[in-house]
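*Asks:* below are the sequence and a predicted model; questions follow.
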Amino acid sequence: MVRPSQRREMARHVVEQGRTTIRHACSLVAVIEIDYHYQRRLSGENAEIVDWLVRLTFNQKNWGFGLCYLYLRNIKGFA
């Protein structure tokens, strides 16, 4: 089983070699063109949320994901 990120990289490799177009490469490896052009974005807010989650799970060992999520959204104001 090949992950979508691996299929995207296979399509990019074929296109970079100059062997085919983006559309054709995407159809060969079953990737939609939107996924081909996808670029992961990391923001400073994500790093801050990760830091909060690590602290919460260390200090509140009996809290599950749902409670951590609600705390960060409602109390700390993260979107």
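*Replies:* The structure has been received and is ready for your questions.

*Asks:* residue 6 and residue 79: what is the separation?
*Replies:* As judged by CB to CB, to the nearest Å, residue 6 and residue 79 stand 31 Å apart. Any C-beta I mention is one placed from the backbone N, CA and C, and that applies to glycine too.

*Asks:* more neighbours, those two?
*Replies:* Higher neighbour count among residue 6 and residue 79: residue 6, with 12 against 6, using other CB atoms under 10 Å.

*Asks:* how far off centre is the helix or strand in which residue 27 is found?
*Replies:* Assigned by DSSP states H and E, residue 27 belongs to helix 22-29. The chain centre lies 22 Å from the centre of helix 22-29; the measure is CA atoms, centre = their mean, to the nearest Å.

*Asks:* what about dumping the CA coordinates of that helix to PDB?
*Replies:* Provided in PDB are the C-alpha atoms of helix 22-29 (Å, rounded to 0.1, in the frame of the first residue of the first chain):
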ATOM      1  CA  ILE A  22       1.400  16.900 -14.500                       C
ATOM      2  CA  ARG A  23      -2.100  15.800 -15.500                       C
ATOM      3  CA  HIS A  24      -0.900  12.600 -17.000                       C
ATOM      4  CA  ALA A  25       1.500  11.800 -14.100                       C
ATOM      5  CA  CYS A  26      -1.300  12.300 -11.600                       C
ATOM      6  CA  SER A  27      -3.700  10.000 -13.500                       C
ATOM      7  CA  LEU A  28      -1.000   7.300 -13.600                       C
ATOM      8  CA  VAL A  29      -0.400   7.200  -9.900                       C
END
